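Participant: fold the following.
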Amino acid sequence: MHPAPSIILFTTLSGLGYGLAAMLGLGLLDPSATATKAAHIVALLLIAGGLSSSTLHLGNPQRAWRAFSQWRSSWLSREGVMAVLTFIPLAVNAIASLWSGRYLLLPGILGALLCGITVYCTAMIYASLRSVQAWNTAWTPTCYLAFALAGGLTLAGLFSTFGGGEAAWLTLLAVAALVGAWGVKLRWWSRLGALEQLSTPETATGLGPIGKVRLLERPHMNGNYLTNEMGFRVARKHAAKLRRVALIVGGAVPAVLLLLTAIAGTPPGVAAILSAIAALAFFAGTLTERWLFFAEARHAVMNYYGS
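Facilitator: Sure, this is the predicted structure:
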């Protein structure tokens, strides 16, 4: 599948935003701290930026509002509806922190729950597609939720450090979440490598009982929408290298840096810098992981193009 930059940014930014918003909704940070007030703003900006970038992939962005009408059958529509609903408790909790330095339990818990549901809906847009065997698994929403949790805890630890709070326990939670997220992703990659294709030229044409199907001529001599969007292929050796890059940059580096910040006696300024670098590294690693998520997926329609 073609790894569109807008969709990669959308899933990465919104995942980080919803993860951070969920941590704020659970009351893990001091609501009166200036850094926490900034965290609320950053979370909302990440979510808004991610959702906005998703419209760049549409042929007619002005018609995006029509997606909301199909919530009974479309995970894309459900994601849009949930995204709007989630903004309400998140905004209420943010206003309470910004204006009065308070944490509101009910909007906070509701917002955290809706954040998780929205991320799940985003993941199910891909996991529900039987035509893309790599995505059609329960491991896909598990990955999305795990990465949102890891990113949220990493950013929460960063803002806690900037706020001068005791961030050691948050840091350790973030490290555990990072290990869990990349462990789930390794399991996802392992499944992908062991896949036996369900859709083949024989099953696609229904000529399997006769024998091996061989393509005589492509349906189109020139490129078209299908070949451009669903015919992207990445070499196996390049994919292996990028997997290692994603794992090291987005997993190992942030975990090591966060552990260094948790060491007793680390100066607050140094801890803040290390936390910031860890968050940036996780972001870069997640971008690589999401690029591979699309680039390594194969759509069944390519059976008709000899792929």
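Participant: how about the secondary structure of residue 135?
Facilitator: Counting by DSSP: H, G, I helix; E, B strand; the rest coil, the backbone at residue 135 sits in coil.
Participant: contacts only, for it.
Facilitator: Residues near residue 135 by CB atoms under 8 Å, 6 or more residues apart in numbering: 126, 127, 129, 293, 297. All C-beta atoms are positioned from the backbone trio N, CA, C, and that covers glycine.
Participant: ramachandran angles for the nearest residue to the first one once chain neighbours are set aside?
Facilitator: Read it as residue 126. In this structure, residue 126 finds its nearest non-sequential neighbour in residue 135, 4.2 Å apart by CB to CB, 6 or more residues apart in numbering. When quoted as degrees, to the nearest 10, the phi and psi of residue 135 stand at phi -90, psi -20.
Participant: please report how far residue 135 lies from residue 81.
Facilitator: Going from residue 135 to residue 81 by CB to CB, to the nearest Å gives 22 Å.
Participant: buried ones in the lowest-mean-pLDDT helix or strand in the chain, by neighbour count?
Facilitator: Within the chain, no helix or strand scores below helix 225-230, which has a mean of 73 by mean pLDDT, DSSP states H and E. Neighbour counts over helix 225-230 (16 or more other CB atoms under 10 Å) mark 227, 230 as buried.
Participant: next: stretch 198-209.
Facilitator: Buried positions in stretch 198-209, judged by neighbour count with 16+ other CB under 10 Å: 199, 201.
Participant: put the alpha carbons of it into CSV.
Facilitator: Extracted in CSV, the C-alpha atoms of stretch 198-209 (Å, rounded to 0.1, in the frame of the first residue of the first chain):
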residue,chain,number,x,y,z
LEU,A,198,-5.4,-16.4,1.4
SER,A,199,-6.0,-14.4,-1.8
THR,A,200,-4.1,-15.6,-4.9
PRO,A,201,-4.7,-15.3,-8.6
GLU,A,202,-6.4,-18.7,-8.5
THR,A,203,-8.9,-17.7,-5.7
ALA,A,204,-9.4,-14.3,-7.2
THR,A,205,-10.4,-15.6,-10.6
GLY,A,206,-12.1,-18.8,-9.4
LEU,A,207,-9.9,-20.9,-11.8
GLY,A,208,-8.0,-22.6,-9.1
PRO,A,209,-9.5,-26.1,-9.7
